[in-house]
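Asker: need the 3D shape of this:
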Amino acid sequence: MTYVVTVEICIPDDASDLDALGRFGAAVLLERGFGSVAGAEGPDGVEVDVLDVAVDPHARGAELSVTALAPSLEAAEDAVGAVVQEVLDHTDLLTGWLVVSSEVRLHTDRARESLAAADGPDAPPSDPAARRARHAAGRREGRHGDGDGDDEDGVWSEVVEDAPDPETEIRAMAARLRSFEPAVFGTSPDTAELAAGVLVHAAEVFIDELYDDVQALADEDTDVAGCQGHLWHLDRLPARHAARYDEPFARRFLVTAVALTTRFTDGGFRRLGCLAEELVLRFLLEQARAALELYGLVDDDVLAALDRFRAHLHEGADPEPPLLGFGTWFTPFGEDHYVHPYAADSFGDEEPAERTEGA
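Answerer: The predicted structure follows:
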């Protein structure tokens, strides 16, 4: 699974604060140090692949955001912390610098910002009337079913009365997560319902905002590195490839997100298909946690339920998939893994084929 590990490093206690030139130099040295790092070793010899690093220096050190592929959160944190310290120890001008912390954090500020701008807990199309109509129709469909008997087993409790508050509306969405039984959350039915509902809600917000990101790049005819407008999510992808996140890439990423969340809600999900879907899952879980925080619904049980959901999606997966380069983000992990035809590379290709508009 892909993790973003935040590593705090500091200069020696008796050292003077870094000025602007010192901060710039430290950033260059750290990026060069990571230039030759392809992987690290976690607990019990578990291998962790380092995909990207972003450096944010300050007067007393720096904060590093390291994107890594690891079989577990603990392995990612331990291995990344160790490799950062190794880079520091082998860089003469950074002698004495120390790793203060290495941890996976919830980066929910951007997601919380988007949710706070929404009209209620539902994802916001640009037109408020269209937004209300769309979600009202969705709730009616979820409450009354489609008449084919899919809801006869009563796996999720249906909410048929008008929803007077965000929690009730979010819980009403749980019935739409058709690919998963409540048991995958490993908790009480009440908490499982909340976790399932907030995932569906988060998917709606996430997809809506990805549309905005695609439009922003199209309007400016640029990539993420050169975009001057507001982006919700694409600028949170590994910064190393920012100049390659152009409109065609953004459309492929959007289609991948739609395909994955569709499989979540139509009963057709089997497994994650590619690295891009792993990134979509990470963003989706961050959006779900931000929604819980925004509406005052966070507790340890529901956060643990979301963690179990994530673990369930990775059960039986190869902990070290061989496809790591940027050109393989949309390449299926295997011939039996699904990636939407619009986005997918041919299995085994190192670089995606050139695409013709309208093909």
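Asker: switch to C-alpha atoms for all contacts and neighbour counts from now on
Answerer: Noted.
Asker: I'd guessed residue 252 sits against residue 343; true?
Answerer: Yes. With contact defined as C-alpha atoms under 8 Å, residue 252 counts as touching residue 343 (4.7 Å).
Asker: okay, now the unreliable bits of the stretch 151-300 of the chain?
Answerer: Scanning the stretch 151-300 of the chain for pLDDT under 70 picks out 151-164.
Asker: 80 instead, please
Answerer: Counting by pLDDT under 80, the ranges of the stretch 151-300 of the chain that qualify are 151-165.
Asker: which parts of it are helices?
Answerer: According to DSSP state H, counting those that start in this stretch, the stretch 151-300 of the chain carries its helices in the segments 166-172, 189-220, 247-266, 275-294, 300-313.
Asker: which of the residues in the fourth one are buried?
Answerer: Going back to what we said before, that points to helix 275-294. Buried residues in helix 275-294, counted by 16 or more other C-alpha atoms under 10 Å: 275-292, 294.
Asker: packing partners of it?
Answerer: Contact partners of helix 275-294 among helices and strands, from 3 or more C-alpha pairs under 8 Å, 6 or more residues apart in numbering; DSSP states H and E: strand 2-10, helix 109-116, helix 189-220, helix 247-266.
Asker: now these in a markdown table, please, with extra columns for mean neighbour count.
Answerer: Formatted as a markdown table, the helices and strands packed on helix 275-294 follow (neighbours: other C-alpha atoms under 10 Å):
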| stretch | mean neighbour count |
| --- | --- |
| strand 2-10 | 23 |
| helix 109-116 | 18 |
| helix 189-220 | 22 |
| helix 247-266 | 20 |
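Asker: CSV please, covering these and showing distance to residue 170.
Answerer: Output for the helices and strands packed on helix 275-294, formatted as CSV (distance: least, C-alpha to C-alpha, whole Å):
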stretch, distance to residue 170
strand 2-10, 27
helix 109-116, 13
helix 189-220, 5
helix 247-266, 15
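Asker: which of these sits closest to residue 239?
Answerer: Proximity to residue 239, assessed across those by C-alpha to C-alpha, is greatest for strand 2-10 (11.8 Å).
Asker: quick one: mean pLDDT for the closest one?
Answerer: Mean pLDDT, computed over strand 2-10, is 86.
Asker: which other residues reach the next helix or strand after it?
Answerer: For strand 2-10, the succeeding helix or strand toward the C-terminus, using DSSP states H and E, is helix 20-35. Helix 20-35 has contacts (C-alpha atoms under 8 Å, 6 or more residues apart in numbering) with 53-59, 61-62, 87-88, 91, 94.
Asker: and for stretch 231-250?
Answerer: Residues from elsewhere that reach stretch 231-250 (C-alpha under 8 Å, 6+ apart): 51-54, 67, 110-111, 114, 209-210, 212-214, 216-218, 221-226, 283, 326.
Asker: only alpha carbons, please: show stretch 82-92 as CSV.
Answerer: In CSV, the C-alpha atoms belonging to stretch 82-92 read as follows (Å, rounded to 0.1, in the frame of the first residue of the first chain):
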residue,chain,number,x,y,z
ALA,A,82,15.8,5.0,9.2
VAL,A,83,16.6,5.9,5.6
VAL,A,84,16.3,9.7,6.4
GLN,A,85,18.7,9.3,9.3
GLU,A,86,21.1,7.4,7.0
VAL,A,87,20.9,10.2,4.4
LEU,A,88,21.7,12.8,7.2
ASP,A,89,24.6,10.7,8.5
HIS,A,90,26.2,10.4,5.0
THR,A,91,25.9,14.1,4.1
ASP,A,92,28.8,16.0,5.6
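Asker: what lies in contact with it?
Answerer: With C-alpha under 8 Å, 6+ apart as the test, stretch 82-92 has contacts from 7, 29-30, 33-34, 40, 94-99.
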